[in-house]
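Colleague: Structure of the sequence below:
(4 chains)
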Number of protein chains: 2
Amino acid sequence: MKSEPDASRLAAWRSFLEAHARVTSVLEEELEAEKDLPLTWYDVLVQLEESAEHRLRMTDLAGAVLLSKSGLTRLIDRMCGAGLVERAPDPFDRRGTYVILTTAGYDRLQDAAPVHMRGVEEHFARYLSDAETAAIHEGFTRVLEGVQSRLR
Amino acid sequence: MKSEPDASRLAAWRSFLEAHARVTSVLEEELEAEKDLPLTWYDVLVQLEESAEHRLRMTDLAGAVLLSKSGLTRLIDRMCGAGLVERAPDPFDRRGTYVILTTAGYDRLQDAAPVHMRGVEEHFARYLSDAETAAIHEGFTRVLEGVQSRLR
DNA sequence: CTACGATTGTTGCACAGACAACCAGTTGGA
DNA sequence: TCCAACTGGTTGTCTGTGCAACAATCGTAG
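Modeller: Down below sits the predicted model:
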């Protein structure tokens, strides 16, 4: 029963941490500079765009973008103010609130996506071989399953 | 000249993001619960412990733990208050300040490290084959070189 | 049908971190 | 030698986020 990572895995872990920090900060910077859009806003727009009817309940959205309920409440306040999303009550559960992508929000996402995608290609994807890409995807998927199952 | 990642690389990117978020949050949680130590504090302690003389200049430390200058000033304020590090003027450059690991800080790190290492093993390393580990390390190292060189 | 526990979302509060302005100290060129 | 430009660090201020407490609503056991 091993309780510590070996040296090679620790090195992988460290490169993982640093790569994440550096790359996301560059991406954030570029998206902010070129499209004046925080990465958190972008994430929300993506999640909504990929959901049925372009809408999601607050709780589900919070889970998807990894924010606390209160954090999301405030974020959605701001994004409503900017007209990118709107709130609508759930007619079948009057406690619930849907967050819905507006057309302005959809347009904003369409406008910003190329910049973000270019960043992901330029600062991340281009450095990975096909084999490495597969290894990363498979390995991390397993890691994720592990963390998820821990909760239930 | 490709400007967007292909589907497999985008999938890898997404699993990368989510794995990072989930795993670090679990690690933070565990370290906080078992050793009452925020991950940022732990990072500072590790950086100092690995440095010559157990000391680092504010600016260098800020770079190492990826914090702004002001952010680090406040963090070190708190850690000084807790007695884990101390400040000392650089005699050769009177603008500069060293942050030095105290013995209490060293002990605290020795105490916390096994918990953190166990977490890295348990929630990350154990899910990766040798080949995946190598691919992650090599791929991300290249990614990092790319981001670094961008700055200079 | 009622009453109680669970769930949904918002609010008050506190805190960590970023940015910009600043001071003190250093360096290099006229 | 002196001054201008730069560097290292701290401070004021603001923003974003988490936690705990709350109100409203739901679902279910009795």
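Colleague: Next up, the contacts around the residue lying closest to residue A:84 once chain neighbours are set aside.
Modeller: The spatially closest residue to residue A:84, leaving aside those adjacent along the chain, is residue A:105, at 3.5 Å (CB to CB, 6 or more residues apart in numbering or on different chains). Every C-beta, even on glycine, is put in place using the N, C-alpha and C of the backbone. Each residue near residue A:105 by CB atoms under 8 Å, 6 or more residues apart in numbering or on different chains is listed here: A:45, A:48, A:79, A:83-85.
Colleague: what about burial for the residues you listed, which qualify?
Modeller: A:45, A:48, A:79, A:84-85 (16 or more other CB atoms under 10 Å in any protein chain shown).
Colleague: So which of those belong to helices?
Modeller: A:45, A:48, A:79 (DSSP state H).
Colleague: Just to check, the first one is in contact with residue A:99?
Modeller: No - with contact taken as CB atoms under 8 Å, residue A:45 and residue A:99 are classed as non-touching, separated by 10.6 Å.
Colleague: list residues touching both of these two?
Modeller: In contact with both residue A:45 and residue A:99: residue A:85, using CB under 8 Å, 6+ apart.
Colleague: can you pull the contacts of residue A:22?
Modeller: Contacts of residue A:22 (CB under 8 Å, 6+ apart): B:66, B:144, B:147-148.
Colleague: let's see it at 10 Å
Modeller: By CB atoms under 10 Å, 6 or more residues apart in numbering or on different chains, the contact set of residue A:22 is A:123, B:66, B:140, B:143-144, B:146-148, B:150-151.
Colleague: And residue A:35, by the same measure?
Modeller: Shown in contact with residue A:35 (CB under 10 Å, 6+ apart): A:41-42, A:108-109, A:111-116.
Colleague: Could you report the distance from it to DNA strand C?
Modeller: Distance of residue A:35 to DNA strand C, computed by CB to the nearest atom of the strand, to the nearest Å: 16 Å.
Colleague: Identify the single longest helix in chain A, thanks.
Modeller: Using DSSP H, we find that the single longest helix of chain A is helix A:7-35.
Colleague: Tell me what angle that one forms with helix B:7-35.
Modeller: Here helix A:7-35 points in a direction 110 degrees away from that of helix B:7-35 (axes from the mean of the first three to the mean of the last three CA atoms, to 10 degrees).
Colleague: which parts of helix A:7-35 are buried?
Modeller: For helix A:7-35, by 16+ other CB under 10 Å, it's A:9-13, A:15-20, A:22-24, A:26-28, A:30-31, A:35.
Colleague: again with stretch A:122-131
Modeller: Within stretch A:122-131, the residues that count as buried by 16+ other CB under 10 Å are A:122-125, A:127-128.
Colleague: could I get those residues as a markdown table with secondary structure, pLDDT and distance to DNA strand D?
Modeller: Below are those laid out as a markdown table (DSSP: H, G, I helix; E, B strand; the rest coil; pLDDT from 0 to 100; distance: CB to the nearest atom of the strand, whole Å):
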| residue | secondary structure | pLDDT | distance to DNA strand D |
| --- | --- | --- | --- |
| A:122 | helix | 94 | 24 |
| A:123 | helix | 95 | 21 |
| A:124 | coil | 96 | 21 |
| A:125 | helix | 96 | 25 |
| A:127 | helix | 96 | 27 |
| A:128 | coil | 96 | 28 |
